[in-house]
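Colleague: Here is the input, now give the coordinates:
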Amino acid sequence: YKREVARYTRKNKKKLYENWNGTDHYDNELIKDYLSYNHVHRFYPTIDHKLSVFFGFSNGISAEEIGHLDNLCITKRYLNSIKNKMVESEFLEKLNDIKS
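Modeller: From the prediction side, this is the model:
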């Protein structure tokens, strides 16, 4: 399942970056200049699945839907790591709690 999601995600990667306005999806920070950082840097922009791969697998959602452009966004590596298996709405709640 993970490999299938990765395959669909790769198909949409170019279009995702072409349509990207340069900001982090979750906190709206301008992060396009962070692409010059090493790919393991915590601020490096990464592709995130708004509905996580784990959620998709657990809920019988097709790999194609999880890897679809509408389910992809760009965020900083460390936010993607914090989000982990959460879906977008859960993560946004957690992020708001952290900021409060």
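Colleague: drop to CA atoms for contacts and neighbour counts, all remaining ones
Modeller: Fine.
Colleague: From the rest of the structure, what touches stretch 84-92?
Modeller: For stretch 84-92, contacts defined as C-alpha atoms under 8 Å, 6 or more residues apart in numbering pick out 26, 50, 51, 52, 53, 54, 55, 83.
Colleague: Serialize these to CSV and add fields for secondary structure and neighbour count.
Modeller: Below are the contacts of stretch 84-92 laid out as CSV (DSSP: H, G, I helix; E, B strand; the rest coil; neighbours: other C-alpha atoms under 10 Å):
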residue, secondary structure, neighbour count
26, coil, 16
50, coil, 23
51, coil, 19
52, coil, 20
53, helix, 24
54, helix, 17
55, helix, 16
83, helix, 20
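Colleague: what's the closest of those residues to residue 69?
Modeller: Distance to residue 69, by C-alpha to C-alpha, is smallest for residue 50 among the contacts of stretch 84-92, at 10.2 Å.
Colleague: Look up the pLDDT of that closest one for me, please.
Modeller: In this model, residue 50 is scored at 98, pLDDT.
Colleague: isn't it right next to residue 74, touching?
Modeller: No: using C-alpha atoms under 8 Å, residue 50 is not in contact with residue 74, being 9.7 Å away.
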